[in-house]
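Novice: What follows is a protein structure lacking sequence information:
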């Protein structure tokens, strides 16, 4: 079998799911057999986008099976964010927009990382480079990914390339960027049916910072106070996770999608690093408001890595 | 200062030197201040190319100075092959064609690796993508890099893209590919003035393979027997290097540029891994002929890594 599997990171977000779908579409149109997959459940935000553009979610996999010739990683490269048996498979390509860390291969590969706000922006370029027109459905998915990663073009990670791609794709998809984007974000910010455990794991990523093991979970919300009504239960669940995974720090980031701030909760022995990184004081609940901070990648991981490295 | 420094790996070869020169030229033509540099002395082969096309070698640096804003790595990514203080500088870009290993950043960057035979082939594409014509001198340098890395298009690392680029560049440079290429390779294969120590270090690279530390030195030669007349002295020098660097294996690869084979000499506790990797028996001199093996990257590093991992 010469099948290539394309997937994004664990705890998939909209960029990860939509980029896997879009890149598989592009590969297939170029005559290369590729299949999209996902490493976790589909979020409400992503499901909204899939339903809107009438596209099925990629199939869920637990590990890469033996009949797969090679894999393509989208929207991630760090092995701890990837499929369990990533070290046993041939990685043919990576398309990503994150820092590079804990990644290695024994053979040369096609690795394309660009410092843009969203993997979908790179994929939109790749359709053009290959002279393949983007269909209405794929345009909708790529647009949804950009809206999601850039919080409707407001995140500091958002570049001119992302903005241009978003407007271009909205046109092909036949939607109004602002209206569709806010609807999608609000669908994702509806956390009413989530258990505390789900809130802490639905978009959690683990990072190595110097010698420290740090997990950062992020949720988008319209009303951050509402979530912290459950603080007692949240504290207990985080304590369990810290203990199980032997973490130095768990940072729970609740991002207000209307005001573009984040209220964070820090637990673990490394919590004072959060104070150093953002020049804030955690209150008695171990919480702090980070004004203007919405991007885990550009505003949180970088500042925290610096704090742990000093 | 907003200067960007562009350099390739230690023990620079023709691709590393010429790619640094070419990419700095492209950046400058795009209005970005960039300066080429090198981490070691210029080989005879490279000097032949520089003299032929009347281009000065980039300046030699020992470390990245404080006035440098960011660096661009060409033709390598593994930190142990890079400048001493690589961990203290901001890496803005990487353009490479090797495996990815021992590389990490705390921020997203532009990372472009393609599984082609030569960094220069990627750079030739980048000139086109940016609509900047390649000058005669730069065409000569890029061509020299391809000839060097592909042993005149004969290495298994050489792809159709490299071949097409080489013919295209030879035309712009105004030379006959075969004639110029063989002249350049022979200039490099003139080892008459080299000390044994120079032979072992002029193109040596260190690799981590599982838990093992492996150094592989390669020289091109017209007469491999001539080099091994010095075996006794070579053995002594290698023993010193193995001891100083605490290596598990030192592999000396003498590549016959006329017959496209390599005669290797293996020393260190891991030498039986060479037998396993290539299904050969080392003779009493710890040497073996590897028929058809010319590429360190594609034929040697991969097979040895597998042998050390098993």
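Specialist: All right, it came through fine. Source: prediction; values computed, not measured.
Novice: tell me which element residue A:69 is part of?
Specialist: Using DSSP states H and E, the element containing residue A:69 is strand A:68-74.
Novice: Sheet-wise, list the partners of the helix or strand that that strand is followed by with their directions.
Specialist: Downstream of strand A:68-74, the first helix or strand assigned by DSSP H and E is strand A:91-96. Using DSSP bridges, strand A:91-96 pairs in its sheet with strand A:68-74 (parallel), strand A:110-113 (parallel).
Novice: Same list as before, those strands that is, but in CSV and with mean neighbour count and mean pLDDT included.
Specialist: Glycine gets a C-beta too; all of them are placed from N, C-alpha and C. CSV is the format used below for the strands paired with strand A:91-96 (neighbours: other CB atoms under 10 Å in any protein chain shown; pLDDT from 0 to 100):
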stretch, mean neighbour count, mean pLDDT
strand A:68-74, 21, 95
strand A:110-113, 21, 98
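Novice: Would you reformat those as a markdown table and include distance to residue A:23?
Specialist: Shown next, in a markdown table, are the strands paired with strand A:91-96 (distance: least, CB to CB, whole Å):
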| stretch | distance to residue A:23 |
| --- | --- |
| strand A:68-74 | 6 |
| strand A:110-113 | 11 |
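Novice: who wins for proximity to residue B:59 among those?
Specialist: Among the strands paired with strand A:91-96, the nearest to residue B:59 by CB to CB is strand A:110-113 (28.8 Å).
Novice: And the contacts of that closest one?
Specialist: Taking contacts as CB atoms under 8 Å, 6 or more residues apart in numbering or on different chains, the residues outside strand A:110-113 that touch it are A:77, A:92-98, A:100, A:122, B:100, B:108-115.
Novice: Also stretch A:39-58?
Specialist: Stretch A:39-58 has contacts (CB under 8 Å, 6+ apart) with A:7-14, A:17-18, A:20-21, A:24, A:35-38, A:60-61, A:82-83, A:136-137, A:140-141, A:144, A:148, A:173, A:180, A:183-185, A:187-190, A:202-203, A:220.
Novice: Return the members of the residues you listed classed as buried.
Specialist: The neighbour count (16 or more other CB atoms under 10 Å in any protein chain shown) marks A:7-14, A:17-18, A:20-21, A:24, A:35-38, A:61, A:82-83, A:137, A:140-141, A:144, A:148, A:173, A:180, A:183-185, A:187-189, A:202-203, A:220 as buried among the contacts of stretch A:39-58.
Novice: Tell me how far residue A:205 lies from residue A:80.
Specialist: In this view, residue A:205 and residue A:80 are 9 Å apart by CB to CB, to the nearest Å.
Novice: of those two, who's got more company?
Specialist: When residue A:205 is set against residue A:80 and neighbours are counted by other CB atoms under 10 Å in any protein chain shown, the residue ahead is residue A:205, at 21 against 15.
Novice: Would you double-check that that one falls in a strand?
Specialist: Yes - assigned with DSSP: H, G, I helix; E, B strand; the rest coil, residue A:205 falls within a strand.
Novice: Next, report how far the strand holding residue A:69 is displaced from the centre of its chain.
Specialist: From the chain centre to the centre of strand A:68-74 is a distance of 19 Å (CA atoms, centre = their mean, to the nearest Å).
Novice: Phi, psi for residue A:233 please.
Specialist: When read as degrees, to the nearest 10, the backbone of residue A:233 gives phi -70, psi -40.
Novice: Count the residues that sit near the closest residue to it other than its chain neighbours.
Specialist: Leaving aside its chain neighbours, residue A:233 sits nearest to residue A:196 (4.8 Å; criterion: CB to CB, 6 or more residues apart in numbering or on different chains). Residue neighbour count, defined by other CB under 10 Å, stands at 17 for residue A:196.
Novice: who touches residue A:196 in this structure?
Specialist: A:230, A:233-234, A:237.
Novice: Which neighbouring elements make contact with whichever helix or strand residue A:22 is part of?
Specialist: According to DSSP H and E, residue A:22 maps onto helix A:14-29. In terms of contacts (3 or more CB pairs under 8 Å, 6 or more residues apart in numbering or on different chains; DSSP states H and E), helix A:14-29 is packed against strand A:3-7, strand A:34-38, helix A:44-52, strand A:68-74, helix A:119-129, helix A:136-150.
Novice: Would you mind getting the angle between it and helix A:119-129?
Specialist: Helix A:14-29 runs at 20 degrees relative to helix A:119-129, counting by axes from the mean of the first three to the mean of the last three CA atoms, to 10 degrees.
Novice: Run the chain-centre distance for helix A:14-29.
Specialist: Distance of helix A:14-29 from its chain centroid, counting by CA atoms, centre = their mean, is 15 Å.
Novice: Now do it, average pLDDT.
Specialist: In this model, helix A:14-29 carries a mean pLDDT of 98.
Novice: And stretch A:246-262, by the same measure?
Specialist: Averaged over stretch A:246-262, pLDDT sits at 95.
Novice: buried ones in it?
Specialist: The neighbour-count check on stretch A:246-262 (16+ other CB under 10 Å) flags A:247-257, A:260-262 as buried.
Novice: export the residues you listed to TSV and tack on distance to chain B?
Specialist: Putting the buried residues of stretch A:246-262 into TSV (distance: CB to the nearest CB, whole Å) gives the following:
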residue	distance to chain B
A:247	19
A:248	17
A:249	16
A:250	20
A:251	16
A:252	22
A:253	18
A:254	24
A:255	19
A:256	24
A:257	22
A:260	20
A:261	22
A:262	19
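Novice: Residues of the stretch 201-310 of chain A that sit close to chain B?
Specialist: Contact residues, the stretch 201-310 of chain A versus chain B (CB under 8 Å from any CB of the partner chain): A:297-298, A:301-302, A:305-306.
Novice: which of these are buried?
Specialist: Neighbour counting over these (16+ other CB under 10 Å) leaves A:297-298, A:301-302, A:305 as the buried ones.
Novice: Determine whether the claim that residue A:208 is in a helix is correct.
Specialist: No - according to three-state DSSP, residue A:208 belongs to no helix; its state is strand.
Novice: Run through the strands of the stretch 101-250 of chain A in chain order.
Specialist: A:110-113, A:204-209, A:212-221, A:249-256 (DSSP state E, counting those that start in this stretch).
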